[in-house]
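S.K.: Please find the sequence and the predicted model below.
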Amino acid sequence: MLLPHLAAVAIEDVQVVGSGVRITASAVAEAARCPGCGTNSRRVHDRYRRQLADVAVGGRPVMIRLAVRRFRCEASACPRRTFAEQVTGLTFRYGRRSQLQETMLVAIGRVLAGRAGARLADMLHCTVSPNTLLRRVRALTAEPPEKCPRVLGVDDFALKRGHVYGTVLIDIETGRPVDVLPDRTAETFTAWLKQHPGAEIVCRDRASAYAEAVRTAAPHAIQIADRFHLWLNLCKTVEKCVVAHRRCLTSPEDEAQGEVMEPPTGSPGIEGKRAANTRRHFAAVHEMYDKGVTIQVIAKALRMDRKTVRKYAHAATVEELLAPPLQRRRMLQPWAEYLTMRWQEGCTDSGRLFRELQQRGYRGSSRSVRRWLEPLRSAEAPIPKQSDAPTVRQVVGWLTRHPDDLTSGPRLRLKRILTRCPELADLRMHIQGFARMMKHLDGHLLPRWIKAAEGSELPPLHGFARNLNKDFDAVTAGLTLPYSSGMVEGHVNRVKFLKRQGYGRASFDLLRRRILLTP
């Protein structure tokens, strides 16, 4: 009852040896089957003892000393002369563990792999190395089915982000992984589909490689563009539209306040270590220069370069030295209005402003931008007022969120923005129409929506509509049929966990087996 896997042997003794338990037993079967020819034999050739590690009992490790026999095969045509008997449910050939412990280690290796699995096995009083667990996983069969599932989901995942990608295939109806491919190219996926026919529906993202593979290897299969990716593409389009009408996010009152502020040409209130050193050197140089001391003598006395001393001596006031050079200001003059506007909106990070200017064609250095902003940071300069205008991300969220989920504050602010900007108001109508198609699976309305989007005055929306036309059949199926790649995305998330669990050192073969075998 307590040790059912020992029912086929005779237990002779049970002893507590140190911190463990030792069980002495012997095999009692009258005959054994030859592994070569399958003939039963009763002729005992020899006897010997095997030591098997078993699962713990009562928190103590168990060692079984099992007396087994070697039988002589009685079949004359059998190439084997003798063979060792195996106890059903307890032993296996060349095994130093019981079948119960071996099954437990295989389960631990499937779920936790190497190091983590070895730690858990040690807590269960089963000493094993990480490599042993990995060998157990590699010994398992992980072959894909001969026939492709009826509804197949496909998506890529990063083996090395930005460089190497793989492909995971999922049975949408059962939720189980089918196979893992070493790359995400159309050729590899095409070859797999030809070897495993039977796909009737394929759920994919907007990648063209998978679409081409399905058209080549399974032309009769229905392709479904995932609704999540469609909505994600629409959100990116909405963001481009909001950026193009960014000035509409600011009310006329905020613009009037922004026109008052101009970047000061001087910097009398600049403070800091550099400003303090500049004032100290300016005072020391002029104290000697005003007395008629030559620049060479001043440079030697103050241990300064002659060009630096000449610059300090020829400056009438210290503010000339603290003000940004005219050349730097001229270089940033085309972006002066933009910098002023962003400063008034509350963005005082010079690094962020530098990156924004680079996107607009600026070719100068970040140091020039930082020095250009120094007068605005001075105590004499007005403190930038945090603009009440919402950010682009906030407006995109308000436009793409369900209207019932908006509170009264954002709903009122969005209403004001749409009143000032007819283009964004038109954009909201297109967003709501697309959302209704997705929710109610009204794919037959897609041509009408595309025609309306192409007639709008929003260029980013025109590009989104053109891309829908390029993949029209798959998009229509995605907005009509109930299938999607949501389950595939969940498996991709699980694949990331399994990959990181291997610390990035697991080979593709081991990762593939863990993806297919881990429950």
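M.R.: Alright, I've got the coordinates. Keep in mind the model is a prediction, meaning the values are calculated, not measured.

S.K.: Quick one: mean pLDDT for the helix or strand where residue 241 lies?
M.R.: Element membership for residue 241 (DSSP states H and E) is helix 227-244. What helix 227-244 shows for mean pLDDT is 91.

S.K.: again with stretch 482-497
M.R.: Mean per-residue pLDDT for stretch 482-497: 90.

S.K.: For it, list every residue counted as buried.
M.R.: Within stretch 482-497, the residues that count as buried by 16 or more other C-beta atoms under 10 Å are 483-485, 487-489, 491-492, 494-495. No exception for glycine: its C-beta is placed from N, CA and C like everyone else's.

S.K.: what comes up buried for the helix holding residue 241?
M.R.: Across helix 227-244, burial judged by 16+ other C-beta under 10 Å covers 227, 229-230, 233-234, 237-242.

S.K.: Same question for stretch 100-120.
M.R.: Neighbour-count burial for stretch 100-120 flags 100-102, 104-106, 108-114, 117-118, 120 (criterion: 16+ other C-beta under 10 Å).

S.K.: so how far is that stretch off the chain centroid?
M.R.: When distances are taken as C-alpha atoms, centre = their mean, to the nearest Å, stretch 100-120 is centred 27 Å away from the chain's centroid.

S.K.: for the record, mean pLDDT for that stretch?
M.R.: Averaging pLDDT along stretch 100-120 gives 89.

S.K.: residues in contact with that stretch?
M.R.: Applying C-beta atoms under 8 Å, 6 or more residues apart in numbering, the contact partners of stretch 100-120 are 5, 53-55, 89-90, 92, 95, 97, 121, 124, 126, 128-134, 136-137, 140, 498, 501-502, 506, 510, 514, 517-519.

S.K.: let's see 6 Å
M.R.: Here stretch 100-120 makes contact (C-beta atoms under 6 Å, 6 or more residues apart in numbering) with 5, 53-55, 121, 128, 130, 133-134, 136-137, 517-518.

S.K.: Mind jotting down where the strands sit in the stretch 1-150 of the chain?
M.R.: 9-17, 20-27, 32-33, 40-41, 44-57, 60-72, 82-84 (DSSP state E, counting those that start in this stretch).

S.K.: can I get the ones you listed in TSV with distance to residue 159?
M.R.: Output for those, formatted as TSV (distance: least, C-beta to C-beta, whole Å):
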stretch	distance to residue 159
strand 9-17	48
strand 20-27	43
strand 32-33	46
strand 40-41	52
strand 44-57	36
strand 60-72	39
strand 82-84	44
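
S.K.: Contact partners for the closest residue to residue 465 other than its chain neighbours?
M.R.: Among residues not flanking residue 465 along the chain, residue 453 sits closest, at 4.1 Å (C-beta to C-beta, 6 or more residues apart in numbering). Contacts for residue 453 (C-beta under 6 Å, 6+ apart) come out as 430, 461, 465.

S.K.: I'd assumed residue 453 was in a helix, is it?
M.R.: Yes: assignment of residue 453 by DSSP: H, G, I helix; E, B strand; the rest coil places it within a helix.

S.K.: ok, so what distance separates it from residue 399?
M.R.: Distance of residue 453 to residue 399, computed by C-beta to C-beta, to the nearest Å: 15 Å.

S.K.: Ok, residue 181 next?
M.R.: According to C-beta to C-beta, residue 181 and residue 399 sit 38 Å apart.

S.K.: Deepest-packed of the strands of the stretch 1-150 of the chain, please.
M.R.: strand 32-33 (a mean of 20; mean count of other C-beta atoms under 10 Å).

S.K.: Parallel or antiparallel, list what pairs with that one.
M.R.: For strand 32-33, the paired strands and their directions (DSSP bridges) are strand 40-41 (antiparallel).

S.K.: Give me the mean pLDDT for the partner strand.
M.R.: Mean predicted lDDT for strand 40-41 stands at 88.

S.K.: buried set for stretch 435-454?
M.R.: Using 16+ other C-beta under 10 Å as the test for burial, stretch 435-454 gives 435, 437-438, 443, 446, 449-450, 453.

S.K.: Show me the shaky parts of the stretch 1-150 of the chain.
M.R.: Under the criterion pLDDT under 70, the flagged ranges of the stretch 1-150 of the chain are 1.

S.K.: who has more neighbours, residue 181 and residue 399?
M.R.: residue 399 (22 against 19; other C-beta atoms under 10 Å).

S.K.: residues contacting the more buried one?
M.R.: Taking C-beta under 6 Å, 6+ apart, we find residue 399 in contact with 238, 428, 431.

S.K.: switch to 7 Å and redo it
M.R.: 238, 427-428, 431 (C-beta atoms under 7 Å, 6 or more residues apart in numbering).

S.K.: pretty sure residue 310 is touching residue 295, no?
M.R.: Yes: look at residue 310 against residue 295 with C-beta atoms under 7 Å: they come within range, at 5.5 Å.

S.K.: Which pLDDT value belongs to residue 258?
M.R.: Here the pLDDT value assigned to residue 258 is 45.

S.K.: now do the one 10 residues further on
M.R.: Reading off the per-residue confidence, residue 268 sits at a pLDDT of 42.

S.K.: sorry, back to before: among the contacts of residue 453, who's most crowded?
M.R.: Neighbour max across the contacts of residue 453 (other C-beta under 10 Å) = residue 461, 24 neighbours.

S.K.: May I ask you to confirm that that one is in contact with residue 429?
M.R.: No: Residue 461 is not in contact with residue 429 according to C-beta under 7 Å; the separation is 11.1 Å.

S.K.: Find the nearest non-adjacent residue to the residue nearest to the spatial centre of the chain, please.
M.R.: With distances taken as C-alpha atoms, centre = their mean, residue 496 lies nearest the centre of the chain, 7.1 Å away. Excluding the flanking residues, the one nearest residue 496 by C-beta to C-beta, 6+ apart is residue 157, at 6.9 Å.

S.K.: ok, that neighbour to residue 186 distance?
M.R.: Remark: distance between residue 157 and residue 186 (C-beta to C-beta) = 17 Å.

S.K.: repeat for residue 354
M.R.: Using C-beta to C-beta, residue 354 is found at 40 Å from residue 186.

S.K.: Is it correct that residue 243 is in contact with residue 392?
M.R.: Yes: in this structure, residue 243 is within contact of residue 392 by C-beta under 7 Å, at 5.7 Å.

S.K.: May I have the phi/psi pair for residue 185?
M.R.: Here is the backbone geometry of residue 185 (degrees, to the nearest 10): phi -90, psi 160.

S.K.: Within its local environment, how many residues does it see?
M.R.: 16.

S.K.: OK, contacts around it?
M.R.: Neighbour list for residue 185: residue 209 [criterion: C-beta under 7 Å, 6+ apart].

S.K.: try 10 Å this time
M.R.: By C-beta atoms under 10 Å, 6 or more residues apart in numbering, residue 185 lies in contact with 165, 167, 191, 209-210, 212-213.

S.K.: Take those residues and keep only those in strands.
M.R.: 165, 167 (DSSP state E).

S.K.: Give me the buried subset of the contacts of residue 185.
M.R.: 165, 167, 209-210, 213.

S.K.: how about those residues, which pair is most distant?
M.R.: By the measure C-beta to C-beta, 165 and 213 form the most distant pair in the buried ones among the contacts of residue 185, at 14.6 Å.

S.K.: Residue 158 belongs to a strand, doesn't it?
M.R.: Yes: per three-state DSSP, residue 158 lies within a strand segment.

S.K.: And the pLDDT for residue 199?
M.R.: Taking residue 199 on its own, its pLDDT is 90.

S.K.: now the helices for the stretch 301-450 of the chain?
M.R.: Using DSSP state H, counting those that start in this stretch, the helices of the stretch 301-450 of the chain run over 306-314, 318-322, 326-331, 336-344, 350-359, 366-377, 392-400, 408-420, 422-440, 446-454.

S.K.: Just the buried residues of stretch 314-321, please?
M.R.: For stretch 314-321, a neighbour-count test (16+ other C-beta under 10 Å) marks 315, 318-319 as buried.

S.K.: repeat for stretch 170-185
M.R.: 170-172, 177-181, 183-185.

S.K.: Hmm, residue 56 is touching residue 125, no?
M.R.: Yes: with contact defined as C-beta atoms under 10 Å, residue 56 counts as touching residue 125 (4.0 Å).
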